[in-house]
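[1] Below are the sequence and a predicted model for it; my questions follow.
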Amino acid sequence: MAPDQFVYISDSALQELQEYILFPLRFTLKTPGPKRERLVQSVVQCITSILSTTCVKKQDLLQELFSELCLCLSSPSGLQSPAPLSEELKLTVIQALQVLMHSAYGDIILTLYQPSTLPHLGFAVSLLLALAEQEKAKQIKLSALKCLQVLILQCDCQEHHRLLDMAETRHYGNLFASFLPGISTALSRVITGDIKQGHMVTVSAIRLFYQTVCLAMADEQLATITQDEEKPSVEQSRVSELVVHRGSDWVKSTADKLSLLIHKIVEFASLHPHWKVRMELVELVHHLMLKCSQSLVESVGHLLKALVGLVNDESNEVQIKCHEILRSIAELRTVAENRALADILSENLHSLATALPRLMNSQDDQGKFSTLSLLLGSLKLLGPKVNIVLNSAAHLQRLSKALMQVLELDVADVKIVKERHWGPENSLGEPLGSLQHGKSQKKYFRFFSDERIFLLIQQVCRVLGYYGNLYLLVDHFMGLYNESVVYRKQAAMVLNELITGAAGLEVDVLHERETAVSTEDLKGTITSILEEYTDQANWYLTTSTETEGTSDELTVKHSRVRAIPRGAHSSYLISSSSPSSDPSPTIRSMNSNIWQICIQLEGVGCFAYVLGKEFRLLLASVLYPVLEKAGDSSLLISQTATGTMVDVCHACGYDSVQNLINANSDYLVNGISLNLRRVAHQPHASRVLEAMLRHSDASLLPLVEDVIQDALSALDQFYDDRASSFLGVLSTLVAALAQWFIVGKGKEHPQEQNLEQQSSTSSQKQGEGSVITPMVQEVEQFFLDYIKQSQIAEGNLPAMEEEEEEVQAPPPEPEMNDSSAEGETPLPAHAQIAKDVMRCIHLLSDKSAAICFPMAHRTWPALVTRLINDDPLAVLRAFKVLCTLAEKCGDFLKRRFSKDVLPKLAGSLVAQAPVSARAGPMYSHTLAFKLQLAVLQGLGLLCEKLDLGESDLNKVADACLIYLTFPSNLMCVDPDATWLFLNEICCPLPPVKLEGSTSPVEIVYESTNVKRLKTTDLI
Amino acid sequence: MALPPPDPQFVLRGTSAEVHTLHFYCRGQEPDYPILFSGSSNGLIHVWNLKTRRVDTILDGHGGKSVYWVEAINGRDRLLSQGRNQQICLWDLAEGRNTVTDSVFTENVGFCKSSLLKVAQGHWLMAMPGKDLDEVQVLELPSKTSVCTLKPEADAKPGMPMCLKLWQPDFGSCPFLLAGYEDGSVILWNLSGGKILSRLACHQEPVMSLDFDSEKTKGVSGSSEEVLTVWSLDEQQNLKVQKTHKLVNAGIADVAIRQDKKILATAGWDHRIRIFGWKKLKPLAILDYHTATVHCVSFSDHSRPSERLLAAGSKDHRISIWSIYNQASGALHCPLETRKPD
C-alpha cells in the first residue's frame, strides 16, 4: 500500500474508514521485534497521509498514535536519547507527529494536556529537543523545533487553531512550567551552538524559547496564582510530583536561572552575523518585555541592552523593528516610570561611561559601534530621566571625558596643513545650488575610522541636548573647552551637536520631551558660545608657518582683551597658553588649529540652522569672522567657511550668498574697519573687503567710503608687506565702481551723453559701458601685473620710480618722501598710481569726463618716462595705460602724444623691424616681440582716438609699412593674429585719411600689401 | 606696561554727514530695544536700533539745517530736537509715527545746545538760547510758557551762551542753570530770581561744553583751548576752580559724566575721545578711532551697568560705540598722551 493511493478515496470516505485503515498500519508498528527501517518509514508515511486529510476524533486514538509515533524515534535501550535511525525516517516521524497534532479534532487535542499525560508529553519533548540539538541535518533540526512549537500550542501555521481562554492558558502554563527548565536550557544550547547550523535553526530556537518562557512565566498568569492554591488533584502520586506549582519561590529561582540563559542568548545573538537572528532577538525582547517584565525583572537589563544595542543595527529592518518596539516600550512607560528600571539604566549608563574610554581604546570599529549604540539606546530610553544621571557631577564628568576621548581627532596629517588656498577668488560667488546644507568636513579620528561611529556620537550628543538640561550641559562642555587645548575641538563638536539636539533638529528620540527649550534661551546660549568661538584667542590661531600675523601681535591682543573684560571670562589665563602664542608651531598644532577653526565654523552653521531667521540678529558679530575665514589660505578652512556661509544663507532666508553679503554689508564694514586697525588682521580685513565689494552694489558706497580711506592709510603705513593684498582690494574697488557707475550713468544722467556724441542711441550707451569695463579691467590687470613685474625687475627701476614719485606724491604724504629719500622699494609709487587712478575713476563716477583731464595731465609725465624707457616690459605696460587714457580723453592727449611719444615709438618700431624680420621662432617669446605686437595693435586705435594729424599719421604709416612690405616673423608665428592686427592698422586709417585728403596711392598700396599678405601667407 | 586702547564695540555708519549730537534711550524693557538718536549736519535725525545696529527711522524736520541737540522726553516716543533752522521740534514717534507735533522758534542763530530738566511728572523745564545774543530763555514744557529770561547785566559782557545745563539739587527743589559763555566763564543762575549766583572765569576761550554732577556739586567744562577744568560749588553757591587738566591737543567739543559719576568722557578736536576718572580726573584711556573732529560724546542709560555704552559722533560721519569700564573689575590704564602728527 502506497500513500499516494489514498488520493483516490474521497476525504469523507477516508474519514469514515479512518480507524480501519489505520489499524493494520498501527499493528505493523506495534509488532515487537526489529523492523526494517524502510518498512517503518513507509508505514509512517501512510499514517501521515491519512491523517493529513482526516481528523482524529477520539481521545484514545490520539493518545495512542502519539505514543506510537514517539516510540518510533526512541531507541529501545534508553528512553531519553533518540534511536540511531536514518535521517529520512526521523524526519518522516517528526512530520507525522506534526500532522497528528493538526488533525486532532476540536477539543480532542486538549486531552493530550492532562497531568496524567505529562509523562508522554515529557517524553516527546525530550526526544524532539534531543533531535533539535544533536542532529546534523538542518531539516531535522527545523522540523523538530517546529514540532515542539506545535506541541506547546504555539503553532504559527495558517491553519485554524483554537484560541485559548484565560483559564486554559493558565492551565497549560502550569503544565509547561514543568518542561521549562529542560526546554530553555536545551534551546539556549541550540541558539548558542555552531553558527554553521544556519540562521533558520537559530531563529526558530529563539522563537521557541521566548514562546515557552512567555507561556510559563507570563506576568498575567503568575498574578492569579496564589501561594495557598491547591495542587491540582491527580490520581497518581508519581505524576503529581511532575506538576509544578508556580509559586513566588519557584518564579524567583526560575527567573534567576533564566536570567543566565537570556544573558547568554542576548550576548550571542546580538552579534550574530545574520540579520534575521538579530531580528528574532528583537522579537524575543519584545515578547519578554511585554509579557514577563515583572517575573523576569532581573533580565530586563540584558533585554534592554540587546534592544538599544540593535537600535542602530546595520540592517534597516532590524532598526525599524527596534525603533518600533522601543517606542512601544517607551509608551508603556515601563522604563520612565519604573524607578527600578531607570536605576538599572542609569547604572548601566554609568558603568558604560566608565568603560567607554577603555573600550574605545581596545575594541575594533564593530565593537565600538555596538558599545556606542548601547550608550545611545540607554540615553534614548532614559529620556527625560537622563537628567538624573547628568545631575550627578561624577556621572557627567565620566560621560563627558569619555566623549572627549572618543572624539579625539587625528591631527598628524600634514596634508591638512599643506593644502593651501591661494588667490582672491573663492567660491562665494557660486550659485547656491551647487552647495548644500549640512555637509561638514570629513574628520579623521584617532580611535575610529568608521563614519557610522561618528554619526552615532553625533546622535548621542543630540539626544543629550534634547533631553538634558541645556544650561548644565553647555556650561560643562564650555568648561572643558576652556580647560585645555586637548579638549577644545571635541568640546566644540559636542557643543554644536548639543545645540542642534536641544532645538530638536535631526535628533531621533523615542518620546517627546515635556518642555522644549525656548528660542530665547537658545539664542542666549548660542550667543555666549559664539562669543567664545569668535574670541581672538580661539579664532585667530596659527595655521601656517607663513606668518599672517606674528604671534607677538596676537599675544598683545590677548592681554588687551583681558584689560577690558566684557564677559568676565576667567578662562583667558588658560587660553593664552593655547598654541596661538606658541612661538614655533608644529605641524600637529597647526593641523589641530585648522580643525578647531573648522569645527567652530561648522558650529556657526549649526547655530544658524537652529535659529533660522532669528540668527540674523547675530550676523552683526558673526558674519565678518566667517567671511574672513572664507578667504583663509588653508583650503580646509576656506571650504568650511564657505559651507558655513551657505548654511547661514539658507537659515536666514537669503537666496544667495551674494544677497547675504549685500544685505549685511554694514556689519561687514564694521568688522573690516575695526580689523584694519590691527596690523595682524589687515590681510583678512582686506580680503573681506574685496569679497564684499565684489558682491555689493552702489548703495554700499556711502558705507565704505571711510573704510577705503582706512585701507589707503593702512597701505601707506605697511606698503612693504601688504601692498599686494591692498592693491587687490583697490582693483576690485575700481572694478566695482565702474560696474555701479555704468548703471548709474545710464539711469540718472541722460544729459551726459551730449558730452560724448550728439546722436546717442541706447546701443551706444551700451557701447560706452563696454568701453569702460575693459578699461577698468586693463587698469586692474596693469596694477596686478605691475606688482609682479616690479618685484622681478626691482633692480632696474628705482631711478625711474623716484622720478615718478616726485611728480606724483602729493604734499600731505610725508612717508612717501621718506621712502624716496631712502631709495626703498618702488611700491609706494604704484600705490600712488593706484590711488590716483582710483580717484580718477571716482571722479568719472561723478559723471564728468572733463575732470579726468587733469588726472591725465598729472599722470602724463610719469607715463612718458615709462614709454621712452629701455625696459620693454615697462614700455609695454605704459603703452597699455596710454591706450586706455586715449580712449577716455580723446584728443586731449593728441599734442602730447605726437610730441613726446610718437617719435620714440615709431623710431623703435622701425629699429625693431629688421631684428624681428631676421629672428627665429623663439623671438615670439621675447618681450620685444610682445611689445611690437602691442604697439602695432594699439597704434591704430590711438590714431583714431587721438584724431592725429597728417604728419603724425604718416609717421605711423611709415613705421607700420615696414612690417607690411615683407612677411616678417610676426606673421609666421601667428598669421591669423597678425592679419587682424594689420587689418586694424589699415582699416581705421583709410577713412581718416580720406577726410584728410592723403594720397589715395597709399591706401591702395596698403591694401595691396594686405592682400598680398593674405594670399601669400595664409593660403 | 601701558596697554593699547580698545577698539569700538561697533561703529554706526550711514548718516552721510557730520554727527553733531547723540542721545541714548536704553531704559526700556524687552521687547523694546535700546535706541540711539543722532542728529547730523544734513538736518536729519537717525533713530538707531542698537540691537540690529541699523537705522530704524530717519526724521527730517529741520529743513536740511544741522541738528545739534536731541533729547527724549517722556519715554522713547517723544523727542525734542534743536536745529540750525532756529526751531526746536517735538516729535511724536509712538506706534511708528514720525511727525512734528509742536515746535518752538528760538530766534537765536548760535550753536548753543538747549538743556532739559524734568521738574514734575509731565512737566519739564527747557533752557534755550534767547533772542538777544547773551540771553538764555527758560520755558515750561509742555505749555511752552516762559518761566524766566536770564540776561547778564549790561556790564558783565560774557558774550553768547555756548552751553547750558539745568539741574536741581533734589527733586522738587528750586532748579539752577549752569551756562558756559563765549568769554570763557561759567555762570550759575538761580531760576527763581533770575539772578547770577556765581560767575567763574575758568577758560581763556569760549566754553564749548560743560557737565555737572549734582551729587558732588562739581562740574567740568571744556573749551577750545587745551585745558579741561573741574570746578566745584560750595555751600555759599560760589563756583571755584578745583582742578585743571592740561591736554596735549587743544579743543574739547563735548564733555559727559557717566550716570554713575565714575568716569568722564571728552570729545576732542584732535579726533580722540578721552576717558578720565571723575573723582580725581585721572586720565584712563584715549580712544583713538575717528579720523576727524569728535563732535559729541554720550553715555547710555542702560539699567544694567554692565551694558552701558559710550557713543561718540564725529565729523567723519561715523558714530563709534564703546563698551568700556563697565565692569567692577575693569583695570584702569593710562596710555601716554601723544601729539597728533599734523
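    That came in fine, so what should we check first?
[2] Quick check: residue A:295 vs residue A:251, distance?
    Noted for residue A:295: a distance of 6 Å to residue A:251, by C-beta to C-beta, to the nearest Å. In this view, the C-beta of every residue, glycine as well, is placed from N, C-alpha and C.
[3] Specify the beta-bridge partners of residue B:35.
    Judged by DSSP bridges, the bridge partners of residue B:35 are residue B:25, residue B:49.
[4] Excluding covalently adjacent residues, which one is nearest to whatever residue of the stretch 51-200 of chain B ends up closest to chain A?
    Nearest residue of the stretch 51-200 of chain B to chain A (C-beta to the nearest C-beta) works out as residue B:53 at 5.2 Å. In this structure, residue B:53 finds its nearest non-sequential neighbour in residue A:620, 5.2 Å apart by C-beta to C-beta, 6 or more residues apart in numbering or on different chains.
[5] what does the stretch 51-200 of chain B put close to chain A?
    For the stretch 51-200 of chain B, the contact set with chain A under C-beta under 8 Å from any C-beta of the partner chain comprises B:51-54.
[6] does residue B:69 belong to a helix or a strand, and which?
    Using DSSP states H and E, residue B:69 sits in strand B:67-72.
[7] Quick one: name whatever helix or strand follows that strand.
    Counting by DSSP H and E, what follows strand B:67-72 is strand B:78-83.
[8] Please save the CA atoms from the strand holding residue B:69 in CSV.
    What follows is strand B:67-72, C-alpha atoms only, in CSV (Å, rounded to 0.1, in the frame of the first residue of the first chain):
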residue,chain,number,x,y,z
VAL,B,67,20.7,119.3,14.1
TYR,B,68,22.7,119.9,17.2
TRP,B,69,20.7,118.8,20.1
VAL,B,70,18.3,115.8,20.6
GLU,B,71,16.8,114.5,23.8
ALA,B,72,14.0,112.0,24.5
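[9] quick check: angle from that strand to strand B:78-83?
    Calculated by axes from the mean of the first three to the mean of the last three C-alpha atoms, to 10 degrees, strand B:67-72 forms an angle of 170 degrees with strand B:78-83.
[10] now for the helix or strand where residue A:201 lies, which elements pack on it?
    In this structure, residue A:201 sits in helix A:199-217 according to DSSP H and E. Helix A:199-217 sits against helix A:138-151, helix A:166-177, helix A:180-191, helix A:248-270, helix A:275-292, with contacts defined as 3 or more C-beta pairs under 8 Å, 6 or more residues apart in numbering or on different chains; DSSP states H and E.
[11] Tell me which of these lies nearest to chain B.
    Smallest distance to chain B across the helices and strands packed on helix A:199-217 (C-beta to the nearest C-beta): 48.4 Å, for helix A:275-292.
[12] name the helices or strands packed onto the closest one?
    Counting by 3+ C-beta pairs under 8 Å, 6+ apart, helix A:275-292 packs on helix A:199-217, helix A:219-224, helix A:248-270, helix A:297-310, helix A:316-332.
[13] Now a PyMOL select for only the buried ones of the residues of the stretch 51-200 of chain B next to chain A.
    Selection of the buried residues among these in PyMOL, burial being defined by 16 or more other C-beta atoms under 10 Å in any protein chain shown:
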select buried, chain B and resi 53
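[14] And the residues of the stretch 51-200 of chain B next to chain A, which two are furthest apart?
    With C-beta to C-beta as the measure, no two of those lie farther apart than B:51 and B:54, at 9.0 Å.
[15] quick one: pLDDT of residue 237?
    Just going to use chain A. Predicted confidence (pLDDT) for residue A:237: 61.
[16] right idea, wrong chain: chain B
    86.
[17] what about the closest residue to it other than its chain neighbours, how many neighbours?
    The shortest distance from residue B:237 to any non-neighbouring residue, by C-beta to C-beta, 6+ apart, is to residue B:197 (4.5 Å). Residue B:197 has 17 neighbouring residues, counting by other C-beta atoms under 10 Å in any protein chain shown.
[18] One more: the one 3 residues further on?
    Here the neighbour count serves as a burial measure; for residue B:200 (other C-beta under 10 Å) it reads 22.
[19] Look up phi and psi at it.
    phi -130, psi 120 (degrees, to the nearest 10).
[20] burial of the nearest residue to it once chain neighbours are set aside, as a residue count?
    Nearest non-adjacent residue to residue B:200, counting by C-beta to C-beta, 6+ apart: residue B:239, 3.9 Å away. Each residue near residue B:239 was counted by other C-beta under 10 Å, and the total is 23.
[21] same thing with residue A:391?
    Residue A:391: 12 surrounding residues under other C-beta under 10 Å.
[22] Tell me which residues touch it, please.
    Each residue near residue A:391 by C-beta atoms under 8 Å, 6 or more residues apart in numbering or on different chains is listed here: A:469, A:472.
[23] Distance-wise, check it relative to residue A:375.
    Distance from residue A:391 to residue A:375, by C-beta to C-beta: 18 Å.
[24] and residue 88, what element?
    This is for chain A. Element membership for residue A:88 (DSSP H and E) is helix A:87-103.
[25] my question was about chain B
    For residue B:88, the element it lies in under DSSP H and E is strand B:87-92.
[26] Which neighbouring elements make contact with that strand?
    Counting contacts by 3+ C-beta pairs under 8 Å, 6+ apart, strand B:87-92 packs against strand B:78-83, strand B:99-105.
[27] Would you mind writing the CA trace of the helix holding residue A:88 as PDB?
    Extracted in PDB, the C-alpha atoms of helix A:87-103 (Å, rounded to 0.1, in the frame of the first residue of the first chain):
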ATOM      1  CA  GLU A  87      17.600  10.700   8.800                       C
ATOM      2  CA  GLU A  88      14.800  10.100   6.400                       C
ATOM      3  CA  LEU A  89      12.900   8.100   9.000                       C
ATOM      4  CA  LYS A  90      13.400  10.600  11.700                       C
ATOM      5  CA  LEU A  91      12.200  13.400   9.500                       C
ATOM      6  CA  THR A  92       9.100  11.300   8.500                       C
ATOM      7  CA  VAL A  93       8.200  10.600  12.000                       C
ATOM      8  CA  ILE A  94       8.600  14.200  13.200                       C
ATOM      9  CA  GLN A  95       6.400  15.300  10.300                       C
ATOM     10  CA  ALA A  96       3.800  12.600  11.200                       C
ATOM     11  CA  LEU A  97       3.700  13.900  14.800                       C
ATOM     12  CA  GLN A  98       3.100  17.400  13.500                       C
ATOM     13  CA  VAL A  99       0.300  16.200  11.200                       C
ATOM     14  CA  LEU A 100      -1.200  14.200  14.000                       C
ATOM     15  CA  MET A 101      -1.300  17.300  16.200                       C
ATOM     16  CA  HIS A 102      -3.000  19.200  13.400                       C
ATOM     17  CA  SER A 103      -5.500  16.500  12.700                       C
END
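[28] re the thing from before, what sits against the residue nearest to residue B:237?
    Counting by C-beta under 8 Å, 6+ apart, residue B:197 makes contact with B:176, B:188-190, B:237-238.
[29] So which of those is surrounded by the most neighbours?
    residue B:189 (25 neighbours).
[30] so where is the stretch 601-750 of chain A shaky, pLDDT-wise?
    Residues of the stretch 601-750 of chain A meeting the criterion pLDDT under 70: A:718-725, A:727-728, A:731, A:734, A:738-750.
[31] Alongside chain B, which residues does it contribute?
    Counting by C-beta under 8 Å from any C-beta, the stretch 601-750 of chain A comes close to chain B at A:616-617, A:620, A:666-667, A:669-670, A:673-674, A:677-678, A:702-703, A:705-706, A:709-710.
[32] Now which of the residues you listed would you call buried?
    By neighbour count, with 16+ other C-beta under 10 Å, these hold A:616-617, A:620, A:666-667, A:669-670, A:673-674, A:677-678, A:703, A:705-706, A:710 as buried.
[33] looking at the helices and strands packed on helix A:199-217, which has the lowest confidence?
    Among the helices and strands packed on helix A:199-217, helix A:166-177 scores lowest, at a mean of 82.
[34] Also compute the angle for that one relative to helix A:180-191, please.
    Using the same axes, to 10 degrees, the inter-axis angle of helix A:166-177 relative to helix A:180-191 is 70 degrees.
[35] Can you give me the neighbour number for the residue nearest to residue A:591 when sequence neighbours are not counted?
    Nearest non-adjacent residue to residue A:591, counting by C-beta to C-beta, 6+ apart: residue A:411, 4.2 Å away. For residue A:411, the count of nearby residues is 21 (other C-beta under 10 Å).
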